[in-house]
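Undergrad: Provided below are the primary sequence and the corresponding predicted coordinates.
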Amino acid sequence: MSHFTRQDFLTVPDGAPLYYQVRGTGEPGVVLCDGLGCDGFVWKYLEPQLERDHRVLRWNYRGHGRSGLPTRRQRIGMSYSCDDLNRLMDAAGLQQAVVFGHSMGVQVALEFHRRYPERVKGLVLVCGSYGTLLNTFHDGTLLKRLFPLIRFTVESFPEPVARLTRSLLSTPLAMEVALSVELNRSLLAKSDLIPYFTHLANMDPVVFVRTLRSAAHHNAWRHLPDVDVPTLVIAGQHDKFTPAWISRRMAAHIPGAQLLMLPEGTHVAPLEYRDTIERRVERFFREHGLTPTPRPSAPHAAHP
């Protein structure tokens, strides 16, 4: 594994302090974009592999992880995330990068390519959608219909909602429900999920619903035919958050995109199929010339 390079905060013009870390060396760089309510747990196994050959930027969205909020708390959502990433790449010294996205991070990656195509060398889109995620959650519209009520409740009673969610998500029952209903218990280590539940339990629910609202309205469908960089789509056949047909459709509409469908995978496939994904990503990088060329060693001085 590469040595630790740097962690820092970048305060953007509207006052939001954004946490980021950079590990490793090597071009092109890699950027890791999380899902909603996440602060990097899903990259646990893939990140160390990428650090061996690339400078890897991992960052937290506004109000996620260690990142703070702007002066005007309403400034949360997709467009801000893309502009934030543009500034963070400058701060990290990355001119271009292969952008990875998980879950909502797939939308961030696609929107970032639409806005800043010159900065994207490739895309790896993991267990996510091109947009309007409430329309397809669990392959139904229940959450979409309930969301206005959820948002009203959270915005009207933020402190009681925060106490309730913290209490519910801190119980062993929350993880048991997730393992039984959403994820593949046989492929997962419980310890890999603890950081997710810990982060979500302590997250401001107002930030969560405002971020979700932006992702629910965002749609990069029309941009897919304009994606002009190597793209790998990774999906779990049993993903209920973003059903597998979305990934198939996305891969079919991005020119030249490759698709890896994991037969027993769910929404956290990078934790369930760590070796398979690591090998496939390594092959994808190699096939598209995204693996850094080893630098020639310095010639030895001639002996007299």
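TA: The structure has been received and is ready for your questions.
Undergrad: show the pLDDT at residue 115.
TA: pLDDT recorded at residue 115 is 98.
Undergrad: contacts only, for it.
TA: Residue 115 sits next to 82, 83, 86 when contact means CB atoms under 8 Å, 6 or more residues apart in numbering. The C-beta positions use only the backbone N, C-alpha and C, and glycine is treated the same way.
Undergrad: do you know how far the last one is from residue 142?
TA: For residue 86, the distance to residue 142 (CB to CB, to the nearest Å) stands at 36 Å.
Undergrad: same question, the second one
TA: Per CB to CB, residue 83 is found 33 Å from residue 142.
Undergrad: more crowded one of these two?
TA: Neighbour count, other CB atoms under 10 Å: between residue 83 and residue 142, residue 83 has more, with 16 against 10.
Undergrad: helix, strand, or coil at that one?
TA: Assigned by DSSP: H, G, I helix; E, B strand; the rest coil, the conformation of residue 83 is helix.
Undergrad: which residues touch the worst-scoring helix or strand of the chain on mean pLDDT?
TA: None of the helices or strands of the chain scores lower by mean pLDDT, DSSP states H and E than helix 172-177, at a mean of 84. For helix 172-177, contacts defined as CB under 8 Å, 6+ apart pick out 168, 190, 193, 194, 197.
Undergrad: the second one: neighbour count?
TA: What that stands for is residue 190. Using other CB under 10 Å: residue 190 sits among 13 other residues.
Undergrad: and it, what does it touch?
TA: Neighbouring residues of residue 190 by CB under 8 Å, 6+ apart: 175, 179.
Undergrad: please name the nearest non-neighbouring residue to the residue nearest in space to the middle of the chain.
TA: Nearest residue to the geometric centre of the chain (CA atoms, centre = their mean): residue 34, 2.5 Å. Of all residues not flanking residue 34 in the chain, residue 105 sits nearest, at 5.3 Å (CB to CB, 6 or more residues apart in numbering).
Undergrad: perfect, I'm done here.
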